[in-house]
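Colleague: What follows is a predicted protein model with its sequence.
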Amino acid sequence: MRQTTVAGQFYPNNPKSLKKELSRCFKDLAISEKPILGAVVPHAGYIYSGEVAAHAYAQLPRADTYILFGPNHTGYGSAVAMSQDTWMTPLGVVETDIEIGKLLAGTIIDFDELAHHYEHSIEVQIPFLQHRFGSDFKILPVCMGLQDEETAIEVGKEIARAVKTSGKKVVFIASSDFTHYQSAKIASDNDQYLIEPILEMDIPEFYRRKEERNISACGFGPIAAMLAATIEFGARKVSLLKYATSGDVTGDMSGVVGYAAITLE
C-alpha cells in the first residue's frame with residue numbers, strides 16, 4: 001500500500017484537522033456537478049492553493065475512476081509511471097483501477113510504483129476527491145517525468161483508448177502549478193499567456209508559448225496529456241474558474257507561485 005508522503009506538510013495528517021481544512025477550502029463554493037471531462041488543479045500546500053483547487057473539485061461529477069496526471073518532481077522511477085497500488089490518505093484507502101491499468105499494458109506507460117513513492121503532486125489531490133465522493137471511486141495515478149509534447153499526447157491518447165475500451169465513466173485531472181518564484185505581475189502575465197491556449201485546447205501553441213517565455217509551470221506534460229485525452233472524448237468548452245498566486249495568501253508579491261482551476265466539458 002502506498003502510504004502518505006506529504007501528510008502533515010502539505011495538508012493535515014489528522015483526519016479531523018484535514019476535514020476542517022478541506023471545509024475551509026470549499027467555503028462559499030456551491031457544490032454543483034457539471035458534465036466535466038477534465039480539469040487542471042494546483043498541488044501546493046492547501047493553505048496556499050487549496051481554495052483554488054476547490055473551485056474545480058466543487059464542479060466535478062461523480063465518476064467510476066479519476067485519472068490523475070502529475071509531474072515527477074523527484075526523478076525516481078520510470079519516465080511515465082502508472083501506479084496500481086492501493087493509496088492511503090488520512091481519510092482512508094482508495095483503490096486504483098486495475099482494469100484500465102491492464103488495458104495500458106505494452107504502451108509508453110509503465111507499471112512503476114517507485115515514481116510515486118515520494119511524489120506529492122498526485123497525493124494532494126486525493127483528499128479533495130474523498131471530501132466530495134467518500135470512498136465510492138477509484139483512481140489511476142500517472143506520474144510523468146517525461147513531459148515533451150509527443151510523449152504527453154501519446155499518453156493522453158493511449159489512456160483515452162483504454163478508458164473507451166473499459167466503458168467506464170472517468171474524469172481526467174492534471175496536477176500543475178504555474179509560474180514559480182517570480183513577481184506577482186510577471187507570474188500573472190506569463191500564466192494568463194500560457195492559459196490562453198489551454199482554453200483553446202491548442203497543445204502545440206501551449207508548448208510554443210511555454211518555451212517562448214520559459215514559463216516554469218511544472219506540470220505542462222500532465223496538462224497536455226489531459227487535453228489530449230479530453231479531446232478524444234469530445235471536449236468543447238473550457239473554463240478558467242479561478243486564478244490566484246501564493247502572494248494572495250502571504251501578502252509577499254515579490255516571489256509567488258501561480259495557481260489555476262480550469263475545467264473542460
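Modeller: On my side now, so go ahead.

Colleague: What residues does D202 make contact with?
Modeller: The contact partners of D202, by Cβ atoms under 8 Å, 6 or more residues apart in numbering, come to none. In this view, the C-beta of every residue, glycine as well, is placed from N, C-alpha and C.

Colleague: So which residue is dead centre in the protein?
Modeller: The chain has S175 as the residue nearest its centroid, 2.2 Å off, counting by Cα atoms, centre = their mean.

Colleague: Who is that one paired with across the strands?
Modeller: V41 (DSSP bridges).

Colleague: In this structure it contacts L68, no?
Modeller: Yes: S175 sits in contact with L68 when judged by Cβ atoms under 8 Å, with a separation of 6.6 Å.

Colleague: tell me, what's touching the two both at once?
Modeller: Taking Cβ under 8 Å, 6+ apart as the contact rule, the neighbours common to S175 and L68 are I122, Q125.

Colleague: Dihedrals phi and psi, E51?
Modeller: Listed backbone geometry of E51 is phi -70, psi -40, with angles given as degrees, to the nearest 10.

Colleague: Secondary structure class of the nearest residue to it once chain neighbours are set aside, three-state.
Modeller: Computed as Cβ to Cβ, 6 or more residues apart in numbering, the closest residue to E51 that is not its neighbour in sequence is C25, at 5.1 Å. Secondary structure assignment for C25 (DSSP: H, G, I helix; E, B strand; the rest coil): helix.

Colleague: Quick one: residues contacting the residue nearest to the centre of the chain.
Modeller: Taking Cβ under 8 Å, 6+ apart, one finds 41-43, 68-71, 121-122, 124-125, 219, 222 in contact with S175.

Colleague: Only alpha carbons, please: show the lengthiest helix in the chain as PDB.
Modeller: Longest helix in the chain by number of residues, with DSSP state H as the criterion: helix 149-166. Output of helix 149-166 as PDB, limited to C-alpha atoms (Å, rounded to 0.1, in the frame of the first residue of the first chain):
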ATOM      1  CA  GLU A 149       4.700  17.300 -26.400                       C
ATOM      2  CA  GLU A 150       4.900  14.000 -28.400                       C
ATOM      3  CA  THR A 151       5.000  11.900 -25.200                       C
ATOM      4  CA  ALA A 152       2.200  13.800 -23.500                       C
ATOM      5  CA  ILE A 153      -0.100  13.400 -26.500                       C
ATOM      6  CA  GLU A 154       0.700   9.700 -26.700                       C
ATOM      7  CA  VAL A 155       0.000   9.300 -23.000                       C
ATOM      8  CA  GLY A 156      -3.400  11.100 -23.300                       C
ATOM      9  CA  LYS A 157      -4.500   9.200 -26.400                       C
ATOM     10  CA  GLU A 158      -3.400   5.800 -25.000                       C
ATOM     11  CA  ILE A 159      -5.400   6.400 -21.800                       C
ATOM     12  CA  ALA A 160      -8.400   7.600 -23.700                       C
ATOM     13  CA  ARG A 161      -8.300   4.500 -25.800                       C
ATOM     14  CA  ALA A 162      -8.100   2.300 -22.700                       C
ATOM     15  CA  VAL A 163     -11.000   4.200 -21.000                       C
ATOM     16  CA  LYS A 164     -13.200   3.800 -24.100                       C
ATOM     17  CA  THR A 165     -12.500   0.100 -24.100                       C
ATOM     18  CA  SER A 166     -13.400  -0.200 -20.400                       C
END
